[in-house]
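Engineer: Below are the sequence and a predicted model; questions follow.
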Amino acid sequence: MNRTGIAFFVLGFIFLVAAGTSSAEEFEIPDAPQEYLDMENPIDEDDVDEDFIKKTHRLYKSKCRKCHGTEGDGEGSAAEDIEIKPTALNAPGYLEGREDGQLFWVTMYGVEGTEMEGFGPESDAGLSEEKIWQLISYMRAKFTQ
């Protein structure tokens with residue numbers, strides 16, 4: 001291979017690596033259908049006390065922590081091996097900028113093209129809608145900044 005061929009090969013390789021990296025960094029979670037965006041969490045904020053958080057922490061720990069991390073920072077033990085990194089739930093403004101229905105939809109059905117699988121009743125995880133709402137209330141209580 002001559003110098004020109006090598007140069008094109010190297011540039012092509014760099015372009016491929018850069019393109020793969022940027023698509024992962026620029027990934028945006030799609031918006032939920034309007035019927036989900038209009039949903040309201042049935043759990044009253046006043047019911048999200050220490051006891052609720054303690055109980056729901058076990059659920060978060062078993063279903064979410066591996067990817068989203070103990071502190072909701074997106075740096076769980078499995079995050080290292082995931083191309084499109086898990087959302088940092090504790091990022092300033094992240095949860096405040098999301099409707100409960102959006103969070104419900106993502107948790108229920110997952111996000112296509114990512115490692116975020118659905119956790120709803122029809123999934124392998126088989127969480128009830130009530131459990132999903134509990135997780136959302138827990139995340140808001142623990143990770144809202």
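Structural biologist: Sure thing, it's come through. None of these values were measured; they are calculated from a predicted model.
Engineer: Contacts only, for the residue nearest the centre of the chain.
Structural biologist: The centroid of the chain falls nearest to Thr87 when counting by C-alpha atoms, centre = their mean (4.3 Å). Residues in contact with Thr87 (C-beta atoms under 8 Å, 6 or more residues apart in numbering) are Ile29, His68, Gly74, Tyr94. C-beta coordinates here come from the backbone N, C-alpha and C atoms, glycine included.
Engineer: and the helix or strand encompassing Asp51, how far out from the chain's middle?
Structural biologist: Element membership for Asp51 (DSSP states H and E) is helix 50-63. Chain-centre distance of helix 50-63: 17 Å, with C-alpha atoms, centre = their mean, to the nearest Å.
Engineer: Give me the residues contacting the helix or strand just after it.
Structural biologist: Using DSSP H and E, the helix or strand that follows helix 50-63 in sequence is helix 65-68. With contacts defined as C-beta under 8 Å, 6+ apart, helix 65-68 is touched by Gly74, Gly76, Ser77, Ala78, Ala79, Ile82, Pro86, Thr87, Ala88, Leu89, Glu115, Met116.
Engineer: Which residue is the nearest non-sequential neighbour of the fifth one?
Structural biologist: Looking back up the chat, that one is Ala79. Once flanking residues are discounted, Ala79 sits nearest to Pro86: 5.2 Å by C-beta to C-beta, 6 or more residues apart in numbering.
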